[in-house]
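[1] when you get a sec, could you give me coordinates for this:
(2 chains)
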Amino acid sequence: MVKIAQISCGTEYSGIQKEIEKAASTFGAEIVIPHTEIDYIDEAYQKFGFTCASSGIRLMIARAMSIVEGKSEADAVFIATCFRCAEGALVRNEVRRFIQENTRLPVVTYSFTERTKADELFIRMEALATIVARKSILARQKQEGLTLGIDSGSTTTKVVLMENDHIIGSGWVPTTDVIESAQEGLDEAMADTDYRMEDIESIGVTGYGRITIGKHFNADLIQEELSVNSKGAVYLADRQKGEATVLDIGGMDNKVITVNDGIPDNFTMGGICAGASGRFLEITARRLGVDISELGPLALKGDYKKALLNSYCIVFGIQDLVTSLAAGGTKEDVAAAACHSVAEQVYEQQLQEIDVREPVIQVGGTSLIEGLVSAVSDILGGMEVIVPEDSQHIGAVGAALLVSRLGDSSK
Amino acid sequence: MKIAIFPPNSLILADLVERRGHEPLVIMKEIRKKVKDAEIDSPPMNITEEDPIKGLKYAAIEVPSGVRGRMSIFGPMIDEADAAIIMDDAPFGFGCIGCARTNELSVFYLRKRGIPTLELTYPTTREETLELVNKINTFLDQLEDENG
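    Numbering: from 1, shown residues only, chains lettered A, B, ... in the order given. Model prediction:
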């Protein structure tokens, strides 16, 4: 069983310890608490060098030190503190960095409230468990045979049919009913081919609706998006060797994943604010009266500094943009300001939490918005941002790739 | 009398209070009540989502859930106390609730109650320790006298 070491403060008193354990056990992992003797707490705390007032936070430091010094065994690490605790946030980040610099363990961080439920933690726990337990699958570099990948996202459903390392059909439909949308995407993907459903050797599914559609289509692989997307990204960008950072600004949440030889070793996920999501750009496009596909080129022609945007909020931010238009601002400037706002928030909330490694591979539907890609590159100080072909189908491609020859390897 | 102690899980302070015939208000008793409740199953302490919400009586919504969860247990103990003994600068082995913000808030509420309160600094020598125990005993005995 995969052992996930929990390094946290406040989970018991927030009433969420059970949720954490439930999330881990759902994916065949077990939460373990790193062992620390009482004398060791002070010793480790002094050695770490971060002065903090809360003894719960000092205990976190000691537990991290216990892992780094090999006093406790773990396959992965889950670090969590209370949302809005400044001391917790500081130490959470420093402890994460400390573990990453001194071990090769995958780490995930989280800030929780009393309302945190197991299903919010599923994707993180599943990704941790996958990175540890299914490394052989993640090492796959080539798609073989005829496989289908379905990515049931919060906004759109993507389907890809692959044959011997080539995409031979694809479908991209808005997600309404999870199963119906997947079926519709599937029909689109199959339409240009002579194949029928029974010809498909194996099916891989990912995305929010993965469990439902996985059961419906009797999928051979049901996998969370973090490992699938990172695999799909390095595959499509032809960066399967070496380091890279995968950035996926999605409809409902954003993912930043660092990969080494195609295997994710760290990731952060955000999903608190719609103003930092693809949805913000979708609404901006609607208010500008343009199709979302036109927003990117429009933004490239504009200057974000010329449009007033005082709020990151999806409601007040849009109001600001409308005010700018009313005051005579151009659509181009407003589109640029919207792209800049999303990129800036993703940077502030997530990219800073992770040691970004070049190249950045931007994927997902929002990667087709050129203005957003350019804004991300600007905010990262001109860092190279690659948008591979078929970047919007990344999850489906990753699923089709990972599921290929899965039966062979498990036999 | 009911004596609130701080840290609220200090076995030494609880023992000193009990020895002078008073009732120490300690979190162990409160947690015991929670874990014996057959209706709830949220290990290890059976604190559920409702508890940090109850803590809103003591700390606002922008305060971290861990502080509010703790205050949902300590807050009513503070409200119930007839007197208090506060030990400042105690090491965590003496008793600790893990969170500096909860410490600040709990001590503030104890002071604000206006009940007889003995504030002490954690002793570092044998002499200081003896003096401290004497102070606690005198304080507790005086409470007895004052209240008959």
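[2] need the longest helix for chain B.
    Taking residue count as the measure and DSSP state H as the definition, the longest helix of chain B comes out as helix B:126-146.
[3] got the contact list for that helix?
    Around helix B:126-146, the neighbours that count as contacts under C-beta atoms under 8 Å, 6 or more residues apart in numbering or on different chains are B:1, B:3, B:13, B:16-17, B:20-22, B:82-83, B:85, B:116, B:118, B:120, B:123. C-beta here means a position set from N, CA and C on the backbone, and glycine is covered the same way.
[4] average pLDDT for it?
    Averaged over helix B:126-146, pLDDT sits at 92.
[5] please save the CA atoms from it in CSV.
    Taking only C-alpha atoms (Å, rounded to 0.1, in the frame of the first residue of the first chain), the coordinates of helix B:126-146 have been written out as CSV:
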residue,chain,number,x,y,z
ARG,B,126,13.6,24.5,41.7
GLU,B,127,13.0,27.5,43.9
GLU,B,128,10.7,29.1,41.3
THR,B,129,8.8,25.9,41.0
LEU,B,130,8.2,25.6,44.8
GLU,B,131,7.1,29.3,44.9
LEU,B,132,4.8,28.7,42.0
VAL,B,133,3.1,25.7,43.6
ASN,B,134,2.6,27.7,46.8
LYS,B,135,1.1,30.6,44.8
ILE,B,136,-1.3,28.2,43.1
ASN,B,137,-2.3,26.6,46.4
THR,B,138,-2.8,30.0,48.1
PHE,B,139,-4.9,31.2,45.2
LEU,B,140,-7.1,28.1,45.2
ASP,B,141,-7.5,28.2,49.0
GLN,B,142,-8.4,31.9,49.0
LEU,B,143,-11.2,31.1,46.4
GLU,B,144,-12.5,28.6,48.9
ASP,B,145,-12.5,31.1,51.7
GLU,B,146,-14.1,33.8,49.6
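[6] chain center to that helix: distance?
    Averaged C-alpha coordinates place helix B:126-146 at 18 Å from its chain's average position (C-alpha atoms, centre = their mean, to the nearest Å).
[7] how about stretch A:188-197?
    Mean C-alpha position of stretch A:188-197 versus that of the full chain (C-alpha atoms, centre = their mean) differs by 30 Å.
[8] and the average pLDDT for that stretch is what?
    Per-residue pLDDT values over stretch A:188-197 give a mean of 93.
[9] from residue A:292, how far out is residue A:320?
    20 Å (C-beta to C-beta, to the nearest Å).
[10] out of the two, which sits in the more crowded spot?
    Using other C-beta atoms under 10 Å in any protein chain shown as the criterion, residue A:320 and residue A:292 rank with residue A:320 on top: 20 against 17.
[11] tell me the secondary structure at the residue nearest the centre of chain A.
    Nearest to the mean C-alpha position of chain A, by C-alpha atoms, centre = their mean, lies residue A:255 at 2.4 Å. In terms of secondary structure, residue A:255 is strand; the call rests on DSSP: H, G, I helix; E, B strand; the rest coil.
[12] so where do the strands sit in chain B?
    Here chain B has its strands, by DSSP state E, at B:2-6, B:23-25, B:83-88, B:117-121.
[13] pull up the pairing partners for the last one, direction included.
    In this case it means strand B:117-121. Based on DSSP bridges, the strands next to strand B:117-121 in the sheet, each with its direction, are strand B:83-88 (parallel).
[14] now the strand it pairs with: buried residues?
    Of all the residues in strand B:83-88, those buried under the rule 16 or more other C-beta atoms under 10 Å in any protein chain shown are B:83-87.
[15] number of residues surrounding residue 72?
    By default, I'm working from chain A. By the other C-beta under 10 Å criterion, the neighbourhood of residue A:72 contains 18 residues.
[16] chain B was what I was after
    Summarising burial for residue B:72: neighbours were counted as other C-beta under 10 Å, giving 24.
[17] now for it: which residues touch it?
    Shown here is residue B:72, whose contacts under the criterion C-beta under 8 Å, 6+ apart are B:47, B:51-55, B:57-58.
[18] and what of residue A:162?
    The contact partners of residue A:162, taken as C-beta under 8 Å, 6+ apart, are A:143, A:146-149, A:168, A:397, A:400-401, A:404.
[19] redo those as CSV? Include secondary structure and neighbour count.
    Rendered in CSV, the data for the contacts of residue A:162 read as follows (DSSP: H, G, I helix; E, B strand; the rest coil; neighbours: other C-beta atoms under 10 Å in any protein chain shown):
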residue, secondary structure, neighbour count
A:143, coil, 23
A:146, strand, 18
A:147, strand, 26
A:148, strand, 28
A:149, strand, 34
A:168, strand, 16
A:397, helix, 30
A:400, helix, 33
A:401, helix, 26
A:404, coil, 27
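[20] nearest to chain B, of the residues you listed?
    For those, the closest approach to chain B (C-beta to the nearest C-beta) belongs to residue A:149, at 37.1 Å.
[21] those residues of chain A touching chain B, which are they?
    With C-beta under 8 Å from any C-beta of the partner chain as the criterion, chain A meets chain B at residues A:9-18, A:38, A:41, A:52-56, A:58-59, A:82-85, A:87-88, A:112-115.
[22] what's the PyMOL line that selects buried ones from the residues you listed?
    Only the buried members of the residues of chain A next to chain B enter the following PyMOL selection, criterion being 16+ other C-beta under 10 Å:
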select buried, chain A and resi 9+10+11+12+13+14+15+16+17+18+41+52+54+55+56+58+59+82+83+84+85+87+88+112+113+114
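[23] in helices, which of the residues of chain A next to chain B appear?
    For the residues of chain A next to chain B, secondary structure assignment (DSSP H) places A:17-18, A:38, A:41, A:55-56, A:58-59, A:87-88 in helices.
[24] need those in TSV with distance to residue A:189 and pLDDT, can you?
    Formatted as TSV, the entries for these read as follows, by distance: C-beta to C-beta, whole Å; pLDDT from 0 to 100:
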residue	distance to residue A:189	pLDDT
A:17	43	96
A:18	41	94
A:38	60	91
A:41	56	95
A:55	56	95
A:56	51	96
A:58	54	96
A:59	51	96
A:87	50	95
A:88	45	95
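[25] could those go into CSV alongside distance to residue A:288?
    Output for those, formatted as CSV (distance: C-beta to C-beta, whole Å):
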residue, distance to residue A:288
A:17, 47
A:18, 47
A:38, 61
A:41, 56
A:55, 53
A:56, 48
A:58, 52
A:59, 51
A:87, 43
A:88, 40
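[26] going by distance to residue A:329, which of those residues wins?
    Distance ranking of those against residue A:329, using C-beta to C-beta, places residue A:88 first at 40.8 Å.
[27] give me the neighbour count for the closest residue to that closest one other than its chain neighbours.
    Counting by C-beta to C-beta, 6 or more residues apart in numbering or on different chains, residue A:88 lies nearest to residue A:81, which is 3.0 Å off, once chain neighbours are set aside. Counted with other C-beta under 10 Å, the burial measure for residue A:81 works out to 31 neighbours.
[28] quick one: contacts for residue A:81?
    Each residue near residue A:81 by C-beta under 8 Å, 6+ apart is listed here: A:8-10, A:57, A:60, A:88-89, A:91-92, A:111-112.
[29] that one pairs with what?
    With DSSP bridges applied, the residues forming beta bridges to residue A:81 are residue A:111.
[30] now it: how far from residue A:193?
    Residue A:81 is 50 Å from residue A:193, where distance means C-beta to C-beta.
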